[in-house]
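Colleague: fold the following.
(one chain, ligands or ions: 1)
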Amino acid sequence: MATRIKYCGITRLEDAEHAVSLDAWAVGLILWPGSGRYCRPADAAAIGAALHRRAEVAGVFVNAHLDHVVARAEEIGLTLVQLHGDEGPSFCTEVARRTGAKVIKVARVRNRADVVALRAFRTDYHLLDAYVAGRPGGTGETFAWDLVNVHRRDRPVILSGGLTPDNVGDAIAAAHPYAVDVASGVERAPGIKDHARMDAFSAAVRAADAREQQGAAA
Ligand SMILES: O=C(O)c1ccccc1N[C@@H]1O[C@H](COP(=O)(O)O)[C@@H](O)[C@H]1O
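Modeller: Residues are numbered from 1 along each chain as shown. Predicted coordinates:
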C-alpha cells in the first residue's frame with residue numbers, strides 16, 4: 001500500500017496546489033495562532049474551497065474551544081480535524097459528531113506509555129509526533145521511530161516529527177505508517193514551502209514504498 005503524504009503548515013494557495021500536484025493525501029492548515037505557520041482565516045477559507053474534493057483538508061488545533069473548532073471546520077470545509085494539544089477522548093468524540101470531519105488525535109511521544117495512552121482515543125487516525133517541552137508541534141525534531149510499533153494498528157497511524165526528504169525513507173522502513181506528515185522539513189521559512197523539497201520528499205516516499213514492495217516480493 002502506498003504511504004500517503006500530508007503536507008502541513010501550508011499558508012499559501014500555490015503551496016497547497018503544489019501538494020495536490022504531487023498527489024498529496026492531505027494538506028494541513030495550522031489554526032493555532034501561536035504558530036509561525038498560522039493560516040489566517042481568509043487564506044484558510046480560500047485553500048479549503050480550492051481543494052474541495054481534491055485532497056483532504058486538515059485543520060490543526062491546540063486546546064481550542066469546541067465551538068471554535070466547529071465554526072472553523074464549517075468555514076473552511078475541513079475534512080480532517082487534527083487535535084494537537086491536551087484534548088481528551090470525549091472532546092474528540094464531540095468534534096467528530098459536531099463537524100462530521102474525521103479526527104486525528106496526536107500523541108507527542110517520549111516513551112512507550114505515550115503510545116499506549118492513545119488507546120483511549122477512538123478517533124479515525126492516530127498521529128505520532130516528537131515531544132519537545134513547551135512546543136506543541138512543528139518542532140523539526142524526530143523521535144525513536146521503533147516506538148510506533150508499540151501501536152496496535154487498530155486504526156491508521158500517521159508518523160510525523162522532523163521528517164525530511166533525507167530521513168523519510170528510513171522512517172517508513174522502521175515504522176510502516178499509513179501516512180507521513182511533514183511541516184518544517186519542506187519549507188524555506190515557517191509557512192513558506194520549498195517546492196523542490198516537496199518534490200524530493202514525495203520522491204523519497206515513493207522510493208521507500210518501492211523498496212518495501214521489492215522486499216515483500218523477494
Ligand atoms: O507546525 C506547527 O507550527 C505546529 C504548531 C502546533 C501544533 C502542530 C504543528 N505542526 C505539526 O507538527 C508536526 C511535525 O512538524 P515538523 O515536520 O516536525 O515540523 C506535524 O504533524 C504538523 O502537523
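
Colleague: now do the contacts for A207.
Modeller: The neighbourhood of A207, defined by Cβ atoms under 8 Å, 6 or more residues apart in numbering, consists of G169. Using the backbone N, CA and C atoms, a C-beta is placed for each residue, glycine as well.

Colleague: in whichever strand or helix holds it, what counts as buried?
Modeller: A207 belongs to helix 195-217 when assigned by DSSP states H and E. Buried positions in helix 195-217, judged by neighbour count with 16 or more other Cβ atoms under 10 Å: R197, M198, A200, F201, S202, A204, V205, R206, A208, E212.

Colleague: is any part of that helix close to the ligand?
Modeller: No: Helix 195-217 stays clear of the ligand (Cβ under 6 Å from any ligand atom), getting no nearer than 10.2 Å.

Colleague: V81 and Y178, how far apart?
Modeller: 17 Å (Cβ to Cβ, to the nearest Å).

Colleague: tell me which of these two has more neighbours.
Modeller: V81 (29 against 17; other Cβ atoms under 10 Å).

Colleague: part of a strand, is that one?
Modeller: Yes: counting by DSSP: H, G, I helix; E, B strand; the rest coil, V81 is part of a strand.

Colleague: chain neighbours aside, what residue packs nearest to it?
Modeller: A101 (4.7 Å; Cβ to Cβ, 6 or more residues apart in numbering).

Colleague: ditto for G169
Modeller: A208 (4.0 Å).

Colleague: wouldn't that neighbour be in contact with L159 here?
Modeller: No: counting by Cβ atoms under 8 Å, A208 does not reach L159; the two are 11.7 Å apart.

Colleague: beta partners of the spatially closest residue to D124 that is not a sequence neighbour?
Modeller: Computed as Cβ to Cβ, 6+ apart, the closest residue to D124 that is not its neighbour in sequence is K102, at 3.9 Å. Taking DSSP bridges as the rule, K102 bridges to L80.

Colleague: quick check: neighbours shared by A208 and L159?
Modeller: With Cβ under 8 Å, 6+ apart as the test, A208 and L159 both reach I172.

Colleague: thinking again about what came up before, which ones are touching the residue nearest to D124?
Modeller: E56, T79, L80, V81, A96, T123, D124, Y125.

Colleague: run the last query once more with 7 Å
Modeller: T79, L80, D124, Y125 (Cβ atoms under 7 Å, 6 or more residues apart in numbering).

Colleague: find the nearest non-adjacent residue to the first one, please.
Modeller: It stands for T79. That would be E56: by Cβ to Cβ, 6+ apart, it lies 4.8 Å from T79.

Colleague: go ahead and confirm the one you found touches W25.
Modeller: Yes: contact status for E56 versus W25: in contact at 6.0 Å, counting by Cβ atoms under 7 Å.

Colleague: show the average pLDDT along the one helix or strand E94 maps to.
Modeller: Using DSSP H and E, E94 sits in helix 89-99. Averaging pLDDT along helix 89-99 gives 98.

Colleague: what comes up buried for it?
Modeller: F91, C92, V95, A96, T99.

Colleague: again with stretch 5-14
Modeller: Applying 16+ other Cβ under 10 Å to stretch 5-14 flags I5, K6, Y7, C8, G9, I10, T11 as buried.

Colleague: from those residues, which are also near the ligand?
Modeller: Within these, those near the ligand by Cβ under 6 Å from any ligand atom are C8, G9.
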